[in-house]
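[1] Provided below for reference: sequence and predicted model.
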Amino acid sequence: MKAATGSILANWLRTALWALCVTYAALAQAAWWEFGRQNDEPVILDLKLNNVDTSRLVDRVTLSRDDLSNGLVVVRGRADVRTGSIGLVEYTLDGGRTWNTAKIGDRGFFTFDFRPQFEREYGVGVRALTTTGRATRLEDYLYRLEVKATNATDEVRRVFLQVLDNYRTENHAAFMRAVSETSMQHRRP
């Protein structure tokens, strides 16, 4: 009887150990994309500047007059933290020198808007703060924003017609200059 009891106990221990290993592996696998983020570290998700997804940006966005919503730049996103709560979302328009409070709703969704001056660069940044005082890093959510006074469609049409006219008239130097200047203006820094 003693051998049977030992065998049952050994099987139970193996099963329990296997269950713990599988559970731990499942938990570790579930958050592989978080890259070591701590449970109490806040993050900003789905950040958009007038529907421009910032996850596709390097650090700069240029909008034109016709990209604005009733003359406003509207910024939306969601602040999240695994353990704890988001207590506050703030934004800056000057690269972090001054901060304002964004409107925050259920599940960390936030929004703010502002009426920009044309041809001026803004340092638009967002930070989320937890109720325990942890904050996102400004450099992770800081973008240079410029709003052009020109209509983007009209500007593209103007440049295209200039290049086309130089091509038709076989003005090679002007054609190459226009193509080079245009491509240099749109190249990422």
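    Received, thanks.
[2] low-confidence ranges in this structure?
    1-39, 181-189 (pLDDT under 70).
[3] off-centre distance for the top strand by length along the chain?
    For the chain, the strand with the greatest residue count under DSSP state E is strand 121-130. From the chain centre to the centre of strand 121-130 is a distance of 11 Å (C-alpha atoms, centre = their mean, to the nearest Å).
[4] hmm, who's touching that strand?
    40, 42-44, 47, 49, 73, 75, 77, 79-81, 84-96, 99, 102, 108, 110, 116, 135-138, 141-146 (C-beta atoms under 8 Å, 6 or more residues apart in numbering). No exception for glycine: its C-beta is placed from N, CA and C like everyone else's.
[5] which residues touch Leu63?
    Leu63 makes contact with Leu49, Asn50, Val52, Val73, Leu145, Glu146, Val147, Lys148, according to C-beta under 8 Å, 6+ apart.
[6] could I get the full set of helices for this protein?
    Shown for the chain, the helices assigned by DSSP state H span residues 2-30, 152-168, 172-185.
[7] next, the buried residues of the second one.
    By neighbour count, and taking 16 or more other C-beta atoms under 10 Å as the criterion, the buried residues in helix 152-168 are Gln162, Val163, Asn166.
[8] could you find the closest non-adjacent residue to the first one?
    In this structure, Gln162 finds its nearest non-sequential neighbour in Ala178, 5.5 Å apart by C-beta to C-beta, 6 or more residues apart in numbering.
[9] one more: the last one?
    Using C-beta to C-beta, 6+ apart and skipping residues adjacent in sequence, the residue nearest Asn166 is Phe175, 3.8 Å away.
[10] distance of that neighbour relative to Asp165?
    For Phe175, the distance to Asp165 equals 9 Å [C-beta to C-beta, to the nearest Å].
[11] okay, and the common contacts of the two?
    By C-beta under 8 Å, 6+ apart, no residue touches both Phe175 and Asp165.
[12] any idea how the chain splits into domains?
    Here the domain parsing of the chain from automatic domain parsing is 2-30, 43-148, 152-185.
[13] burial check on Gly108, number of neighbours?
    19 (other C-beta atoms under 10 Å).
[14] please apply the same query to His172.
    His172 has 10 nearby residues by other C-beta under 10 Å.
[15] now do Gly96
    14.
[16] grab the nearest non-local neighbour of it.
    With sequence-adjacent residues excluded and distances taken as C-beta to C-beta, 6+ apart, Gly96 is closest to Leu138, at 5.1 Å.
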